[in-house]
Structure formats: structure tokens, C-alpha cells
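> what follows is a protein structure lacking sequence information:
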Ligand SMILES: [Zn+2]
């Protein structure tokens, strides 16, 4: 009797497990499985794909995007992915070895399921000479932090839309409608942000790393001096002394940086001169209240607008 009960118990457990497995399988098949490098890309994919996509970003916005170490669960996710959405350039230098670990060639750089969001972006700061190590950790294709301009989202959404349509032809009109709604809202928000930050045009800021070139370009800001004396090199006392003179001479009102760089030097320098050190996020979800594309830019434009009053 006890044995019979055990068998029934085991069979019903197994049956339940099979039921759950097949249900999740059906659900998984209905949604495109998409892995992205950055959280802002994940949100753009979600805005267009909505309930037809399941999206996972590899890079936590709490960490410096240049130096992400993907986890085994990320490798598993990408080996099951229908599309891999990434920045394409050399900001995510960890991306190629990561894809190799997953071993799915269609997702590799230039593969048919690799969605390179740098396609069609007007790149800034393309080097005009061969780079050497003496110049620090330079980006060799031009500035790769292009996610920082809302204008570039228009290009990225187009690239995402085309790839979603290719991967899931049954839902072409759904994706097109979502992209259209997103772009209409984006145009409205761009006007709002430009108005909020109109007074920023022509002003100068100091940045930690050269990662807001596109944000500055969008607002007409000057951002040519950095806390890093060279890309990837932390601030030195000599360089901080130079910046102190520079800030006073050029009437700079703010030092900006994302959350993952050390704030100590930025705040010390800002306090010494009586200016502000403000956070400009690089990734969606970097701070509470920056959980999607629009709230991320709302936060950043409010920060810069307030700092440069
Ligand atoms: Zn960089």
C-alpha cells in the first residue's frame, strides 16, 4: 500500500514536472529570446517587442560597462537566444569572448542574428591617427558611448525593428506599430528635454571619462576635459591641480560622472571650487527611478539642467 502510494506520488510529481516543462516550452517558443549587452538596449527591444519578446541584459548598470564579467547563467541564456543585441564597437570588449563561450556562430559579430546597434550611428571622435598605448585605453573606432543621445535611439529602434521583423514575420505589423508609437513619444520627449536644457547650450562641463560625448552633442554642451588624465587612467594630483585652474578660468559649473566611478576626487574638487558634482547615469536602472528609456533620460536631463542653472 505504502509502495503504491509512493508510486502514485512519484508519478503525479513527474506528471506535474512534465506539465510545467511543456507549458514553459510553449511559452518560451511564443516569445523571441533576446540577450542584450546593455540595459538601455534591453529596454528599447522591450518597447518594440513588448510581450512577444523575453529580454535579458548581461551588463548590470551598477558596474562599469567597459569591464563586465558575464556569469555562467549569461552564457546559458545567450546559447538559447534568437538574437544578440549589442553596441558593436569596442566598449563591450568582453562581448566576443563571451559569445565564443556560448558557441552559437549565428550570434557572433557579423552573424545573421547579431544585432549591431552602431549601424547607421554618426560616430563622434573617430581617431584621425594610429593610436598607441601611451594615449591610454582609447576607443579605436570612435566614441562608442552612443546610447547617451536620444537622437541615436531613432537609429537604434530602426535597426531593432528590422531584426525583429526578420526573426518573427508573423508579428511584423505589431512591431511596426510599437516602433511608430515609441518614435512619436520620443519626438515629444526630445522637444521637452531640449526646452528643459535650453540654457545648457554653450556651457562647459568636466566629465570623469569621455562617455557623454553624444549627450553633450545633443545639448550643445562642451565636454572636453576629464578627471581621467588619459582614458582608463584614474585622476592624479597633478591633473586635478590642472583641472582646478581650468574650471576657474573657464567658469565651469559642474563635474559629471556615472555612479560606478569613485566620487571622492570629483566631490573634493567640486567642493573646493564651490561647483557641483552631479550624477549622469550611463545605463537604464543605474539608479532607482531610471528604470526605462524615458525615465533614464528624464533623470539625466533634470540633473544637468539643475546643475547648470
Ligand atoms: Zn569608454
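Received the coordinates, thanks. A quick note: this is a predicted structure, and the numbers were derived from the prediction, not measured.

> got any ranges where the stretch 1-150 of the chain has weak pLDDT?
Scanning the stretch 1-150 of the chain with the threshold set as pLDDT under 70 gives 1-29, 133, 135-137.

> can we see that at 50?
Along the stretch 1-150 of the chain, segments meeting pLDDT under 50 span 1-28.

> quick one: contacts of stretch 289-305?
40, 43-44, 47, 150, 153, 185, 189, 193, 196-197, 199-200, 205, 215, 219, 221, 254, 256, 278-281, 283-287 (CB atoms under 8 Å, 6 or more residues apart in numbering). Where you see a C-beta, it was placed from the backbone N, CA and C, and this is true even at glycine.

> so which of those residues belong to strands?
Assigned to strands by DSSP state E, the following of these qualify: 205, 254, 256, 278, 279.

> what's the closest of these to residue 232?
Of all the ones in strands among the contacts of stretch 289-305, residue 256 has the smallest distance to residue 232: 18.0 Å, by CB to CB.

> who's in contact with that closest one?
With CB under 8 Å, 6+ apart, residue 256 has these contacts: 205, 206, 207, 208, 212, 277, 278, 279, 280, 303, 304, 307.

> just to be sure, residue 69 is in a strand?
No - the assignment for residue 69 by DSSP: H, G, I helix; E, B strand; the rest coil gives coil, which leaves it out of any strand.

> any idea how many residues pack against it?
For residue 69, the count of nearby residues is 10 (other CB atoms under 10 Å).

> could you do residue 76 as well?
11.

> how about residue 151?
Neighbour count of residue 151, defined by other CB under 10 Å: 14.

> residue 74 too?
19.

> ok, now residue 249?
Burial of residue 249 is recorded as 8 neighbouring residues (other CB under 10 Å).

> check it and give its pLDDT.
pLDDT recorded at residue 249 is 97.

> which element is it on?
Using DSSP states H and E, the element containing residue 249 is helix 237-250.

> got a list of contacts for that helix?
204, 206, 225, 227, 229, 252, 255, 265, 269, 272, 273, 275.

> if we go to 7 Å?
204, 206, 225, 229, 265, 269, 272, 273, 275 (CB atoms under 7 Å, 6 or more residues apart in numbering).

> quick one: contacts for the residue nearest to the fifth one when sequence neighbours are not counted?
Read that as residue 265. Of all residues not flanking residue 265 in the chain, residue 235 sits nearest, at 4.8 Å (CB to CB, 6 or more residues apart in numbering). For residue 235, the contact set (CB under 7 Å, 6+ apart) comprises 227, 228, 229, 265.

> circling back to that earlier point, okay, the contacts of residue 256 in a markdown table with neighbour count, pLDDT and distance to residue 94 next?
Converted to a markdown table, those look like this (neighbours: other CB atoms under 10 Å; pLDDT from 0 to 100; distance: CB to CB, whole Å):
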| residue | neighbour count | pLDDT | distance to residue 94 |
| --- | --- | --- | --- |
| 205 | 27 | 97 | 29 |
| 206 | 24 | 97 | 28 |
| 207 | 25 | 96 | 23 |
| 208 | 23 | 96 | 21 |
| 212 | 26 | 94 | 22 |
| 277 | 21 | 96 | 29 |
| 278 | 20 | 97 | 28 |
| 279 | 19 | 97 | 24 |
| 280 | 24 | 98 | 23 |
| 303 | 18 | 98 | 28 |
| 304 | 24 | 98 | 29 |
| 307 | 20 | 97 | 32 |
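
> tell me the one among those residues nearest to residue 88.
residue 212 (19.3 Å).

> tell me how many other residues crowd the closest residue to residue 309 other than its chain neighbours.
Sequence neighbours aside, residue 199 is the residue nearest to residue 309 in space, at 7.1 Å (criterion: CB to CB, 6+ apart). Other residues near residue 199 number 11, with proximity taken as other CB under 10 Å.
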